[in-house]
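A.B. asks: Have a look at this fold, sequence not included:
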């Protein structure tokens with residue numbers, strides 16, 4: 001089992017910003033051949049050029065045909081990282097059901113389509129890394145019940161796939177609230193107020209960084225004995 005990323009092909013969905021970009025940069029620094037997949041082709045191409053990644057692709061994880069097209073010419077992948085997904089929030093008695101379904105479509109079903117598309121092009125001594133989140137352990141009453149369920153489902157899905165896809169390793173990263181562009185887009189003008197209130201409660205009195213969460217992704221890829229696990233990078237948020 002390889003424990004190095006040197007000359008390995010790493011494909012990161014959601015690799016153009018936030019945790020995904022930080023993981024991509026660190027994997028490249030470790031010698032990996034990194035291909036980032038983003039929603040927007042122009043943005044993915046720009047990020048890949050700026051960081052001198054090996055390549056880029058564009059795909060909408062809600063549309064399986066774009067996943068197929070994005071991976072069609074990829075000879076192989078040693079490590080697959082699936083971090084794409086939006087913050088789906090809405091109370092079940094109020095929100096549109098089709099909107100709420102996106103939480104599962106962007107996570108479980110996007111992973112299914114990606115893995116089926118890659119098939120035997122995914123290296124047997126490689127890995128798959130999913131993302132869940134603190135909501136899987138600590139849901140709240142702010143319209144996140146479906147997203148919490150989807151996050152917890154990713155962790156169970158990884159454990160099942162660690163057996164089904166063996167010897168391919170499958171793990172999940174569960175970050176706490178992380179200072180990324182997604183957080184800013186989700187909260188908008190409420191961001192600073194939310195962060196100030198949250199950090200007062202957190203043991204370390206700060207949010208996590210994309211670099212810290214990205215380092216955990218690299219660890220899950222490079223440690224050949226991590227399998228079927230959920231790695232929490234939340235600064236102790238689950239303890240409060």
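C.D. replies: Yep, it's here. For clarity, every value in this text was computed on a predicted model and none was experimentally measured.

A.B. asks: which strands and helices sit next to the longest helix belonging to the chain?
C.D. replies: Secondary structure of the chain per DSSP state H: the longest helix is helix 145-164. Helix 145-164 is packed against helix 97-104, helix 110-118, strand 122-131, strand 169-175, with contacts defined by 3 or more C-beta pairs under 8 Å, 6 or more residues apart in numbering; DSSP states H and E. (Each C-beta comes from the backbone N, C-alpha and C, glycine too.)

A.B. asks: So which of those is the most surrounded?
C.D. replies: With neighbours taken as mean count of other C-beta atoms under 10 Å, the helices and strands packed on helix 145-164 reach their highest mean count in strand 169-175, at a mean of 26.

A.B. asks: contacting residues around the first helix or strand past that one going along the chain?
C.D. replies: For strand 169-175, the succeeding helix or strand toward the C-terminus, using DSSP states H and E, is strand 178-179. By C-beta atoms under 8 Å, 6 or more residues apart in numbering, the residues outside strand 178-179 that reach it are 18-19, 195, 207-210, 212-213.

A.B. asks: Centre-most residue in the protein?
C.D. replies: With distances taken as C-alpha atoms, centre = their mean, residue 83 lies nearest the centre of the chain, 1.9 Å away.

A.B. asks: Now do the helices in the chain.
C.D. replies: 18-29, 41-51, 64-71, 97-104, 110-118, 145-164, 181-187, 191-201, 210-222.

A.B. asks: just to revisit the earlier point, can you give the distance of the longest helix of the chain from its chain's centre?
C.D. replies: 13 Å (C-alpha atoms, centre = their mean, to the nearest Å).

A.B. asks: same thing with stretch 143-158?
C.D. replies: 13 Å.

A.B. asks: hmm, back to that, please produce a markdown table containing the helices and strands packed on helix 145-164, extended by mean pLDDT.
C.D. replies: Converted to a markdown table, the helices and strands packed on helix 145-164 look like this (pLDDT from 0 to 100):
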| stretch | mean pLDDT |
| --- | --- |
| helix 97-104 | 96 |
| helix 110-118 | 98 |
| strand 122-131 | 97 |
| strand 169-175 | 97 |
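
A.B. asks: how about the ones you listed, which one is nearest residue 229?
C.D. replies: Residue 229 lies closest, by C-beta to C-beta, to one member of the helices and strands packed on helix 145-164: strand 169-175, at 5.0 Å.

A.B. asks: Which elements pack onto the helix or strand of the chain with the lowest mean pLDDT?
C.D. replies: Lowest on mean pLDDT, DSSP states H and E among the helices and strands of the chain sits helix 181-187, with a mean of 76. Where contact means 3+ C-beta pairs under 8 Å, 6+ apart, helix 181-187 is packed against helix 191-201.
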